[in-house]
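J.: this one's structure only:
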């Protein structure tokens, strides 16, 4: 894809997706690792380290079966796009492991099945936004360990490297995932408290349904990040995403700076 487009209004705030947008994701997105069988040897080493009586395939199957069962239960409770808390899922699969051990295991497992790395020019983008004094935020499908990516790779948690702590909306905290409007409504409410109109917000993501459509429904201007073929989600076969186009298409994160 080629970069292009034009924003409708001046931008006073930028909100971002994380996996596939700010960070390269080996699985393409969080929660997508079921489609791959990468890291099997590393999983065996992890299992041996924690003395877990399961094979890598059994462990992976058990995890996703528990996720699906929880999703179904939440859907029956009326949640349209449910999100689970991974540490709760792992605690149910690994009974007897202390909570800190469960969290450590969850992090290690995720880094094996879904290795991540900062997207090219991420630091340049963040520095440019800080230089323009733009409030930054996040609306993303995420887990408890997701903010740690910023600390490991960029030197600090999001709120210490330029992101507004009041504009961080992670799916696991709300029990709902994108494109559910729940996260976006929470963001709109927080922005209103800061006197920022939704039309002055740019939302950046790699998924035409979860990011472009959902962001547009919230009233945001949108940018489709098309810089990573593995994670780009055009959703051509989805009726909702086919009805909307992003205001911008960017193939490098630094291109955003040309529009703000």
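T.: It's in. Quantities reported herein were computed from a predicted structural model and do not represent experimental measurements.

J.: what is the least confident helix or strand in the chain?
T.: helix 40-49 (a mean of 92; mean pLDDT, DSSP states H and E).

J.: now residue 225, what are its backbone angles?
T.: phi -90, psi 110 (degrees, to the nearest 10).

J.: identify the bridge partners of it.
T.: residue 250 (DSSP bridges).

J.: surely it touches residue 250?
T.: Yes. Counting by CB atoms under 8 Å, residue 225 touches residue 250, with 5.7 Å between them. Where you see a C-beta, it was placed from the backbone N, CA and C, and this is true even at glycine.

J.: for residue 253, give its distance to residue 45.
T.: 34 Å (CB to CB, to the nearest Å).

J.: more neighbours: which of these two?
T.: residue 253 (24 against 13; other CB atoms under 10 Å).

J.: before we move on, what SS does the closest residue to that one other than its chain neighbours have?
T.: Distances taken as CB to CB, 6 or more residues apart in numbering put residue 125 closest to residue 253, at 4.3 Å, once the chain neighbours are dropped. Under DSSP: H, G, I helix; E, B strand; the rest coil, residue 125 falls in the helix class.

J.: ok, now which ones touch residue 125?
T.: 253, 254, 256, 257 (CB atoms under 8 Å, 6 or more residues apart in numbering).

J.: for the third one, phi and psi?
T.: Read it as residue 256. Dihedral angles (degrees, to the nearest 10) for residue 256: phi -60, psi -30.

J.: domain map for the protein?
T.: Domain assignment for the chain, taken from automatic domain parsing, gives 7-25+117-258, 33-113.

J.: which of those domains is buried the deepest?
T.: Stretch with highest mean neighbour count among those: domain 7-25+117-258 (a mean of 19; mean count of other CB atoms under 10 Å).

J.: how close does the residue lying closest to residue 176 once chain neighbours are set aside get to residue 27?
T.: Spatial nearest neighbour of residue 176, chain neighbours left out: residue 182 (4.1 Å); criterion: CB to CB, 6+ apart. From residue 182 across to residue 27, the span is 24 Å (CB to CB).

J.: residue 78 belongs to a helix?
T.: No. Applying three-state DSSP, one finds residue 78 to be coil, outside a helix.

J.: pLDDT score for it?
T.: Predicted confidence (pLDDT) at residue 78: the value is 93.

J.: low-confidence stretches in this structure?
T.: The model of the chain has pLDDT under 70 over residues 32-38.

J.: what ranges do the strands span in it?
T.: Taking DSSP state E as the criterion, the chain carries its strands at 4-5, 13-16, 23-25, 116-118, 136-140, 163-170, 201-205, 221-225, 248-250.

J.: how long is stretch 154-171 end to end?
T.: 22 Å (CA to CA, to the nearest Å).

J.: what of stretch 242-252?
T.: This stretch, stretch 242-252, spans 23 Å end to end (CA to CA).

J.: contacts for that stretch next, please.
T.: 1-8, 120-121, 202, 204, 208, 212-213, 216, 221-227, 235-236, 256, 259.

J.: cutoff 6 Å now
T.: With contacts defined as CB atoms under 6 Å, 6 or more residues apart in numbering, stretch 242-252 is touched by 1, 3-5, 7, 121, 212-213, 216, 221-227, 256.

J.: do stretch 172-183 as well
T.: Contacts of stretch 172-183 (CB under 6 Å, 6+ apart): 79-81, 83, 85, 139, 141, 143, 169, 171, 209-210, 214.

J.: most widely separated two among the residues you listed?
T.: Farthest pair in the contacts of stretch 172-183 (CB to CB) is 85 and 209. Separation: 23.3 Å.

J.: which parts of the stretch 101-250 of the chain are helices?
T.: 122-131, 146-154, 171-174, 181-193, 214-217 (DSSP state H, counting those that start in this stretch).

J.: quick one, what contacts residue 207?
T.: residue 233.

J.: rerun at 10 Å
T.: Residue 207 makes contact with 17, 19-21, 28-29, 141, 178-179, 213-214, 224-225, 231-235, 241 under the criterion CB atoms under 10 Å, 6 or more residues apart in numbering.
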